[in-house]
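Undergrad: One predicted model, sequence on top.
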Amino acid sequence: MNICSFCGKKVSQVSRLIQSPDGDACICDVCAKTAARLGEETERRNAMKKRKILEGACLGTKTAKKGPSATPSEIHRQLDRFIIGQDKAKKVLSVALYNHSKRLHDKSGLIKKSNILLVGPSGCGKTLLASTLARLLDVPFAIADVTAMTQAGYAGDDVETCLQRLLDAAGGDVELAQKGIVYLDEIDKIACRGSHRGTADVSGEGVQAALLKLIEGSEVSVSVSGSRKNPMGETVTLDTKDILFVCGGAFQELTSGKAQAGHPIGFLAEGRQPDLPENLCRPEALVRYGMMPELIGRLPVICTLEGLTEDDMVRILTEPEDAVTKEYELLLKKDGVRLVFEPEALLEIARTAVSRNTGARGLRSILEDVMLDIMYELPDLRDISRCIVTHESISTRKPLLIKKRTRKSVENVADALA
């Protein structure tokens, strides 16, 4: 067959004619490109339609025209399913998201956005809070690491890349992306410290300056696909005045209390009493740390997260729906083995994580170390019914294995009892 099955053109009239494997149909290169473009357009429209349906479910645009459908307490309860502790941070985020939804329904323009800064030691749950919100919320949500960003004109990502990710999360829908939330992680790593002050710090103070208008609200040109540095790429304009920005950072000297011990950045004037823990992350302290006053002024809500205790670690191991111990139980269950963690073992794991000062992230590394040999050997052991992680297993890396009871052993026990 030498005729396109769609347009009817002959092989002499087209550049290329593609034949099906069975030879029953042909399609020319023009019709093939048209079909591919229509398929992409249909897929994009379906994604946009799905996003708008989800937006209505979350923000109440379909069911409640005057406001959001989820209250702060309901958002808080959803966060409790996955995150242990940090009640203050949950309350702050719940209220912020509730007000964010209100602002999207407001027509007067009087409700302004309140961007958020989360301050806490490494491993206390800042990024987990953000990723959990991404799972719970049905508005576009993007996470960006500011350590990869540089000032415009230099090698690296521009600050606008976070908006490109938000646009991707919205399925290309500009209107929906302008109602989304952006989480900027590791914001403390762009602080301008010591000798860098007054110099061209393109990955520090330069990024802070570039974020000012972005966070406050401005119209930004964003690349639809590919790098923004490509001048030939297609772009769209995003208005960031309604996009909620949540920033997170460890601010190590502040959260560890070293500032009170005479750290070079200084928090103690001569004859002044040490700051209380809740005052260590006040705006003036963050400015002395190296953050621009203009940037801190655009983050009016500053929430300090607490370090995790041993009890918190034990609860993190067992209570959340996606707890790491439940993950390992499922992994061994697929091999026909029941995994059991003794309470003393959980406490020892928590104690080890606290001593390493790695936060909740350290729990997985400890369990990986303990379970490595067992997960390697178990698939070849067909007579194991249970694997018990005891207190001693944390140091020896050898959990207790219980073999299956054979019929012969059961009969022997029955005879002994008789």
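TA: Yes, it's here. Numbering: from 1, shown residues only.
Undergrad: Would you mind confirming that V340 makes contact with V389?
TA: Yes: between V340 and V389 there is a contact under CB atoms under 8 Å: 7.0 Å. Using the backbone N, CA and C atoms, a C-beta is placed for each residue, glycine as well.
Undergrad: Give me the more crowded residue out of the two.
TA: V389 (25 against 17; other CB atoms under 10 Å).
Undergrad: Look up the closest residue to S218, ignoring the ones flanking it.
TA: Among residues not flanking S218 along the chain, T240 sits closest, at 5.9 Å (CB to CB, 6 or more residues apart in numbering).
Undergrad: residues touching that neighbour, list them.
TA: L163, Q178, L214, I215, E216, G217, S218, E219, V220 (CB atoms under 8 Å, 6 or more residues apart in numbering).
Undergrad: For the helix or strand hosting the first one, buried residues please.
TA: For L163, the host element (DSSP states H and E) is helix 161-169. Applying a neighbour-count criterion of 16 or more other CB atoms under 10 Å, one finds T161, C162, L163, Q164, R165, L166, L167, A169 buried in helix 161-169.
Undergrad: Make CSV from those residues and add distance to A25 and pLDDT to it.
TA: Formatted as CSV, those follow (distance: CB to CB, whole Å; pLDDT from 0 to 100):
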residue, distance to A25, pLDDT
T161, 43, 87
C162, 46, 89
L163, 44, 90
Q164, 39, 88
R165, 40, 89
L166, 42, 90
L167, 38, 89
A169, 38, 86
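Undergrad: ok, which pair from those is furthest apart?
TA: T161 and A169 (12.9 Å; CB to CB).
Undergrad: Might one say that P320 is in contact with I83?
TA: Yes: with contact defined as CB under 8 Å, P320 counts as touching I83 (7.0 Å).
Undergrad: coming back round to it: between the buried residues of helix 161-169, which sits nearest H105?
TA: When the buried residues of helix 161-169 are compared for distance to H105 (CB to CB), L166 wins out at 20.0 Å.
Undergrad: neighbouring strands for the helix or strand hosting L117, and are they parallel or not?
TA: In the assignment (DSSP H and E), L117 maps to strand 116-119. Strand 116-119 pairs in its sheet with strand 244-249 (parallel), strand 301-304 (parallel), by DSSP bridges.
Undergrad: tell me what the following helix or strand past that strand is packed against?
TA: Using DSSP H and E, the next helix or strand after strand 116-119 towards the C-terminus is helix 126-136. Judged by 3 or more CB pairs under 8 Å, 6 or more residues apart in numbering; DSSP states H and E, helix 126-136 is in contact with helix 72-80, helix 87-105, strand 141-145, strand 181-185, strand 244-249.
Undergrad: most tightly surrounded among these?
TA: Scoring these by mean neighbour count under mean count of other CB atoms under 10 Å gives strand 244-249 as the most buried, with a mean of 26.
Undergrad: Quick one: distance of it to the chain centre.
TA: 11 Å (CA atoms, centre = their mean, to the nearest Å).
Undergrad: what does stretch 240-247 give?
TA: So, by CA atoms, centre = their mean, the centroid of stretch 240-247 is 16 Å from its chain's centroid.
Undergrad: mind checking the end-to-end distance for that stretch?
TA: 15 Å (CA to CA, to the nearest Å).
Undergrad: circling back: identify all contacting residues around the helix holding L163.
TA: Residues contacting helix 161-169 (CB under 8 Å, 6+ apart): 140-144, 149, 174, 177, 180, 182, 184, 214, 220, 222-224, 228, 236, 238, 240, 243.
Undergrad: before we move on, back to that, as a markdown table, the strands paired with strand 116-119 with mean pLDDT and distance to R135 would be great.
TA: What follows is the strands paired with strand 116-119, written out as a markdown table (pLDDT from 0 to 100; distance: least, CB to CB, whole Å):
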| stretch | mean pLDDT | distance to R135 |
| --- | --- | --- |
| strand 244-249 | 90 | 15 |
| strand 301-304 | 88 | 20 |
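Undergrad: and these as JSON lines, adding distance to G336?
TA: Below are those laid out as JSON lines (distance: least, CB to CB, whole Å):
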{"stretch": "strand 244-249", "distance to G336": "41"}
{"stretch": "strand 301-304", "distance to G336": "46"}
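Undergrad: Quick check: the gap between the nearest residue to A144 once chain neighbours are set aside and A250.
TA: Spatial nearest neighbour of A144, chain neighbours left out: C162 (3.7 Å); criterion: CB to CB, 6+ apart. Between C162 and A250 the computed distance is 19 Å (CB to CB, to the nearest Å).
Undergrad: Over to I388?
TA: Taken as CB to CB, the span from I388 to A250 is 37 Å.
Undergrad: what does K88 give?
TA: In terms of CB to CB, K88 sits 17 Å off from A250.
Undergrad: Same check on R361?
TA: 12 Å.
Undergrad: if we can go back for a sec, can I get the helices and strands packed on helix 126-136 in CSV including distance to D380?
TA: CSV is the format used below for the helices and strands packed on helix 126-136 (distance: least, CB to CB, whole Å):
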stretch, distance to D380
helix 72-80, 41
helix 87-105, 45
strand 141-145, 40
strand 181-185, 41
strand 244-249, 44
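Undergrad: Any idea which of the ones you listed has the lowest pLDDT on average?
TA: Per-stretch mean pLDDT for the helices and strands packed on helix 126-136 is lowest at helix 87-105 (a mean of 85).
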